[in-house]
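[1] any chance you can model this:
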Amino acid sequence: MQTNWTINGPTLILLAILIAMLGYQAGAERLGQQQDPATIATINLTKVMEGLEQRSESEVKLDQMRRDFEAERDRRQRRIQTMETEMREKQQQVREERAGMDELQRIEERIALESLNFQAWLRFQTDRIDVEKALLWQDLYRAVRRATGEMARSERYDLVIYDNTDEELFINPESRMSREMQVQQQMVSRMLIHASSSLDITTELVERMNNQYRAGNR
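    Got it, this is the predicted structure:
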């Protein structure tokens, strides 16, 4: 025999209330979990970069490159100056003897070629040093980001923020942007207005990175 189940109005209302209560309780539990405070730390990126031994050693190499560049630049400039002196002497000789124009022309052509080569070399070397500096900063930033991530995982930081609250707003008088716009742009680009010093892990991060760098260079 088949039984037909029917649900009357009051029963439907009770079921609806029960479902709503269960849904509210589950939502409250989820909300309670989400309200757990995040663990936040801050770093001063400028101070981190200044304290890294990796940066110091890289800058020594860049400084040697700069000195080599300046020595070679001075040598090439002296060579051109010597050639120009030779040309002026030859010009005087041509005026006095009214001869030797072909040789004078050859000297002038050599100077022009040497000057072109020097300018091309100068541009190339300047770009080369600029590229090396850019690569240095890129490598340092990657290292800082990697070490910060490792430290955050080990110390259970949920969020690490760059704290630049101690950096003053500055004005570049040579900029085409008005001074007012320069200040306003820096104000709106600041991510933090205040951060407690107890959140700062700059020193710990620098020590961690320097220890790792020393261990890798052994």
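[2] how about stretch 118-126: buried residues?
    Applying a neighbour-count criterion of 16 or more other CB atoms under 10 Å, one finds residue 125 buried in stretch 118-126. Where you see a C-beta, it was placed from the backbone N, CA and C, and this is true even at glycine.
[3] any idea how many residues pack against the closest residue to residue 133 other than its chain neighbours?
    Nearest residue to residue 133 in three dimensions, chain neighbours excluded: residue 62, at 6.4 Å (CB to CB, 6 or more residues apart in numbering). Residue 62: 14 surrounding residues under other CB atoms under 10 Å.
[4] pLDDT at the residue nearest to residue 177 when sequence neighbours are not counted, what is it?
    Excluding the flanking residues, the one nearest residue 177 by CB to CB, 6+ apart is residue 185, at 7.5 Å. In the predicted model, residue 185 carries a pLDDT score of 85.
[5] neighbours of residue 185, how many?
    With other CB under 10 Å as criterion, residue 185 counts 11.
[6] again, but for the one 5 residues further on
    Residues near residue 190, counting by other CB under 10 Å, number 11.
[7] residues contacting the residue lying closest to it once chain neighbours are set aside?
    Once flanking residues are discounted, residue 190 sits nearest to residue 164: 6.8 Å by CB to CB, 6+ apart. Each residue near residue 164 by CB atoms under 8 Å, 6 or more residues apart in numbering is listed here: 44, 45, 46, 190, 191, 192.
[8] and the fourth one, how far from residue 162?
    In this case it means residue 190. Distance, residue 190 to residue 162, by CB to CB, to the nearest Å: 10 Å.
[9] and the nearest residue to residue 121 once chain neighbours are set aside, which helix or strand is it part of?
    Distances taken as CB to CB, 6+ apart put residue 76 closest to residue 121, at 7.0 Å, once the chain neighbours are dropped. Residue 76 is located in helix 53-97, with elements delineated by DSSP states H and E.
[10] cool, thanks, signing off.
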